[in-house]
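Colleague: fold the following.
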Amino acid sequence: MPCDLSLYLVTDAALCAEAGLEATVEAAVKGGVTVVQLRDKHASDEAMIEQAKRLKRLLAGTHVPLIINDRLAVAVASGADGLHVGQSDTAVLEAREALGPQAILGLSINTLAQLRDAPIALLDYVGLGPIFATASKQDHARPIGFEGLAELVRACPLPSVAIGGLKAQHAAQVSAAGAQGMAVISAICGQPDPYRAALAFCAP
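Modeller: A predicted model of the protein is given here:
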């Protein structure tokens, strides 16, 4: 299932605590976010399912898909539009079989070896990075920089989104490397004005 990867928001409940997750997502989507990924490494499946259902209702009519990070059971139970998995998360084949052919399925890639081993035919897009070291994810792989991003994009037949410490000023470098979009966490979540923070990424 194709989707617009240009501005991909990965949520962080702690960073959004002051404004609220739903208010942050709503403002960010109005500012130009094209994909929302619900990521919460600490919430129970039950809590995440309820949160996902609320976000689905919020996103209804916006054409912005809701992707769940890692939790296959949550994606299935909440009726989310898809799932994103990392190298040590749910296997891509298992996810595709559970979600069906119409769901959006993405995989995090950090190296050419991981890309060569990826079941490309089962995926809709890949997340490439991290570009920079970032505090938003403590266990991230080695940063690849824009040169590494360009190398992976050249080798990848799928649409790709760059992630890892990116800010609005990096948009031109991400585009020059050939990625279809940017995934961000702290650059929008926890910002005083998520609408304007998102809008900054969309400015020409």
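
Colleague: list the contacts of the strand or helix carrying residue 94.
Modeller: For residue 94, the host element (DSSP states H and E) is helix 92-99. For helix 92-99, the external contacting residues (CB atoms under 8 Å, 6 or more residues apart in numbering) are 72, 75-76, 82-83, 85, 103, 105, 107, 118-119, 122-123. C-beta coordinates here come from the backbone N, C-alpha and C atoms, glycine included.

Colleague: please redo it, this time with the cut-off set to 10 Å
Modeller: 68, 70, 72-73, 75-76, 80-85, 89-91, 103, 105-107, 118-124 (CB atoms under 10 Å, 6 or more residues apart in numbering).

Colleague: leaving out the residues flanking it, which one is nearest to residue 4?
Modeller: Of all residues not flanking residue 4 in the chain, residue 34 sits nearest, at 4.1 Å (CB to CB, 6 or more residues apart in numbering).

Colleague: could you do residue 16 as well?
Modeller: Residue 16's closest residue in space is residue 24 (CB to CB, 6+ apart), at 4.4 Å.

Colleague: doesn't that neighbour belong to a helix?
Modeller: Yes: assessed with DSSP: H, G, I helix; E, B strand; the rest coil, residue 24 lies in a helix.

Colleague: quick check, it in contact with residue 186.
Modeller: No: in this structure residue 24 lies outside contact range of residue 186 using CB atoms under 10 Å: 11.7 Å.
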